[in-house]
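J.: Prediction below, plus the sequence it came from.
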Amino acid sequence: MDYNVHCGTIIGGHINLGNAKAVMAQLHNSIKTHSFDFISLNEPYHLDNRIINIPINYSIVQSQDSPKAAIVIKANYNSQLIYANEELVIIMSQFHHQNTIIASIYCPPSNNIDNNLDVLKNFIIKYANLPFIILGDFNAKSRIWGQRDLDERGSKLLSFCHQMDINIENGPNTPPTYSSSRGDSWVDLLITKNINDNINMIVSAEITNSDHNMLFVHYDPPGSMSPNTSKVLLWSIDWLKIKVRIANIIGGNLILDNLTTNELNTKLNSIQELIFQAASKKPANQLNSNSKKKSSFSWTRELQIKRSKTRALRRLFQKEKDPNFRQIKKLQFKHCQASYKKLILITKRSKFKEFINSITNNSLFGNNLKIISSKKKRCPIRKPIINAQGIPSKTIDESNSELLNYHFPWFNNISNSIGIYSQDDFNQFTMQEIEAIILSIKPNKAVGVDGLPGELIKEIFFANKKWFVELFNILVGRGIFPVLWKIARVVLIGKEGKNLDHPSHFRPICILPCWGKILDKLISD
């Protein structure tokens, strides 16, 4: 079955895992294969109340005790927890700048369905104008969404949907969502509100290791796509080609001194976008490959050499025809192989100790900084932020405003201009001064919203030093700080031991574009 969708479509899913460990392993592969934006889970397997086997770049939203419902969502989405108990989890997420409510619900056949529906009803009323996506195993039957006669739970669910003016996307011809030796059933449902025709659902036929089939949800949210938040990957750059591309881009934008401030801002934005697109193009030998494979953290150059030697001895042993020499070469190969296996164990142990020491830090800020910067740490979903009046935020936008206003308060007396200076009012920067700052840029530093790393800025400088120096002299001489260079990527680090529901429980880090750092250093020095 083809699950390909057009760019901008949000891919969701739902499955009842039956509390089986084997299903969780299969789910891990499915999430990676289909690159779900979010997925609703019912009856997930968990250890010590923690759901396992979820890719690290996803956030898990669940109750603290015995979760029977959960939502897994990509960590790069702006999401906020609304409600969570054992059988019902509700979050708000922003898709293309549109707030959307996602709910995962599980109604056990032995429990009363009314309790969960009453809780869900309150939030549907509270967020009446927002799109709702509700996924879950309701254990309810009706010929409206399946081929089973209406039962009491189905009657209650139909009454609830009619009262709340919400739609059941499953139809009478929908394939069964549950298949076992006891028969088929249609218990997993997709229910929506304020979605219109922007959503469709497919019951997957792929193997899940569960009695339940997986539901695929394709959602096209209204509004524009999110701005680019990606970055240039240095390992994917063909440096010879990018040098030529940068030289061509700069060569086509040499004249800067006759431009107005707005024209200069537009020109710089265009140049940055062209460079980003040029650097983001993968070399031909990588176009058909998957992501770059990373070696294990315990793999070393010494192990690589030892492995090559072991393989070489094995080839010599296998090629040898003379019985006497074959026995000698077999002993040499076996001895080297045993030495290689022993070295693997020793290296694994030592590297693991190094890893443990690297994440052990008595500095509170140091630990939190590692959590933010490391790709091996799971990002938790944010809670509603309580404002100065003690009222929790209702939407993600309210939470963002509260956090930013607290950490970055507005000033009333702000000058929009520092004036225009003549060439005699300041000494222009020399090529040596700017080159010294360029060479001081540290590698592998976090990139700003432009996505251009410091290594690429260096290449821009060396592609046309005269143009680069002229650009910064024009900016300082005319009192211009380009708008794009002032936009910071704000990372909020939660303080250890805090509930993370108040702005004071976070530490902010601002990551500016490398261009802005260079201009700031020139001015301050």
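T.: Here it is on my side, so go on. Numbering: from 1, shown residues only.
J.: Let me know the average pLDDT across the helix or strand harbouring residue 277.
T.: Taking DSSP states H and E as the definition, one finds residue 277 inside helix 261-280. The average pLDDT for helix 261-280 rounds to 86.
J.: Distance check, the spatially most central residue of the chain against residue 128.
T.: Nearest residue to the geometric centre of the chain (CA atoms, centre = their mean): residue 76, 3.3 Å. The gap separating residue 76 from residue 128 is 28 Å, by CB to CB, to the nearest Å. Any C-beta I mention is one placed from the backbone N, CA and C, and that applies to glycine too.
J.: go on, residue 66?
T.: Taking CB to CB, one finds residue 66 at 31 Å from residue 128.
J.: Confirm for me that residue 380 is in contact with residue 58.
T.: No: counting by CB atoms under 8 Å, residue 380 stays clear of residue 58, with 11.4 Å between them.
J.: counting contacts, what elements does the helix holding residue 277 pack onto?
T.: Packing partners of helix 261-280 (3 or more CB pairs under 8 Å, 6 or more residues apart in numbering; DSSP states H and E): helix 239-251, helix 454-463, helix 483-486.
J.: For the longest one, buried residues please.
T.: Read it as helix 239-251. For helix 239-251, a neighbour-count test (16 or more other CB atoms under 10 Å) marks 242, 245, 246, 249, 250 as buried.
J.: Could I get the full set of helices for the stretch 1-150 of the chain?
T.: Secondary structure of the stretch 1-150 of the chain (DSSP state H, counting those that start in this stretch): helices at 21-34, 113-126.
J.: Please identify the buried residues of the first one?
T.: By neighbour count, and taking 16+ other CB under 10 Å as the criterion, the buried residues in helix 21-34 are 23, 24, 26, 27, 30, 31, 34.
J.: Over to the last one?
T.: In terms of neighbour count (16+ other CB under 10 Å), helix 113-126 has its buried residues at 113, 116, 117, 119, 120, 123, 124.
J.: So residue 325, which state does it fall into?
T.: helix (DSSP: H, G, I helix; E, B strand; the rest coil).
J.: okay, now residue 198: neighbour count?
T.: Neighbour count of residue 198, defined by other CB atoms under 10 Å: 15.
J.: Adjust the sequence numbering to begin at 24 for everything that follows.
T.: Got it, first residue is 24 now, which makes that one residue 221.
J.: which residue packs closest to it, ignoring adjacent ones?
T.: Closest residue in space to residue 221, ignoring its immediate chain neighbours: residue 243 at 4.6 Å, by CB to CB, 6 or more residues apart in numbering.
J.: so that neighbour touches residue 118, yeah?
T.: No: the pair residue 243 / residue 118 is not scored as a contact, 9.3 Å apart, by CB under 8 Å.
J.: When these two are compared, which one has more neighbours?
T.: Per other CB under 10 Å, whichever of residue 243 and residue 118 has more neighbours is residue 118, with 24 against 17.
J.: and that one, what does it touch?
T.: Applying CB atoms under 8 Å, 6 or more residues apart in numbering, we find residue 118 in contact with 33, 60, 100, 242, 244.
J.: which residues pair with it across the strands?
T.: In this entry, residue 118 is beta-bridged to residue 121, by DSSP bridges.
J.: cool, and residue 239?
T.: Going by DSSP bridges, residue 239 forms beta bridges with residue 36, residue 225.
J.: low-scoring pLDDT stretches of this structure, where are they?
T.: Counting by pLDDT under 70, the ranges of the chain that qualify are 24-30, 246-253, 257-258, 304-320, 378, 380-402, 435-449.
J.: Farthest from the middle of it: give me that residue.
T.: residue 347 (59.9 Å).
J.: tell me the angle the helix holding residue 300 makes with helix 262-274.
T.: Using axes from the mean of the first three to the mean of the last three CA atoms, to 10 degrees, the inter-axis angle of helix 284-303 relative to helix 262-274 is 160 degrees.
J.: Could you point out the helix or strand that follows helix 284-303?
T.: helix 324-342.
J.: which strands and helices sit next to that next one?
T.: helix 346-381.
J.: quick one, the helix it packs on and helix 324-342 angle?
T.: Using the same axes, to 10 degrees: helix 346-381 against helix 324-342 is 160 degrees.
J.: can you give me how far helix 346-381 is from the chain middle?
T.: Remark: helix 346-381 is offset 38 Å from the chain centroid, using CA atoms, centre = their mean, to the nearest Å.
J.: And that helix, what's buried?
T.: Those would be 352, 353, 356, 359, 360, 363, 367, 370, for helix 346-381 by 16+ other CB under 10 Å.
J.: So which other helices or strands are in contact with it?
T.: Counting by 3+ CB pairs under 8 Å, 6+ apart, helix 346-381 packs on helix 324-342.
J.: What are the contacting residues of the helix it packs on?
T.: Here helix 324-342 has contacts from 349, 352, 353, 355, 356, 359, 360, 362, 363, 366, 367, 370, using CB under 8 Å, 6+ apart.
J.: Show the residue spans covered by the strands in the stretch 74-223 of the chain.
T.: 81-85, 92-97, 102-107, 111-118, 121-129, 155-160, 190-191, 201-203, 206-208, 211-216, 222-226 (DSSP state E, counting those that start in this stretch).
J.: Identify each buried residue in the fifth one, please.
T.: It stands for strand 121-129. Within strand 121-129, judged by 16+ other CB under 10 Å, the buried ones are 122, 123, 124, 125, 126, 127, 128, 129.
J.: Turn these into CSV, including distance to residue 523.
T.: CSV is the format used below for the buried residues of strand 121-129 (distance: CB to CB, whole Å):
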residue, distance to residue 523
122, 20
123, 22
124, 21
125, 20
126, 22
127, 22
128, 25
129, 26
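J.: which one of these sits closest to residue 93?
T.: residue 127 (6.2 Å; CB to CB).
J.: nearest spatial neighbour of the closest one, skipping sequence neighbours?
T.: residue 63 (3.8 Å).
J.: Show the contacting residues for the one you found.
T.: Here residue 63 is in contact with 35, 36, 37, 38, 92, 93, 94, 125, 126, 127, 158, 159 (CB under 8 Å, 6+ apart).
J.: you'd agree the second one is up against residue 64?
T.: Meaning residue 36. No: with contact defined as CB under 8 Å, residue 36 does not count as touching residue 64 (9.1 Å).
J.: Between the two, which is the more surrounded one?
T.: Under the criterion of other CB under 10 Å, the comparison of residue 36 against residue 64 puts residue 64 first, with 30 against 23.
J.: hang on, that one packs against residue 93?
T.: Yes: counting by CB under 8 Å, residue 93 is a contact partner of residue 64 at 4.5 Å.
J.: returning to what we had before: narrow the contacts of residue 118 to those in strands?
T.: Judged by DSSP state E, the subset of these located in strands is 33, 242.
J.: what's next to stretch 186-194, contact-wise?
T.: Contacts for stretch 186-194 (CB under 8 Å, 6+ apart): 144, 147-148, 155, 157, 167-169, 184, 200, 209, 212-216, 218, 222-224.
J.: I would like a ChimeraX command selecting only the buried ones among those residues, please.
T.: To isolate the buried members of the contacts of stretch 186-194 in ChimeraX, using 16+ other CB under 10 Å:
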select :147,155,157,168,169,184,200,209,212,213,214,215,216,218,222,224
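J.: The residue nearest to residue 528 when sequence neighbours are not counted in helix, strand or coil?
T.: Spatial nearest neighbour of residue 528, excluding adjacent residues (CB to CB, 6+ apart): residue 521 at 3.8 Å. Secondary structure, three-state DSSP: residue 521 is coil.
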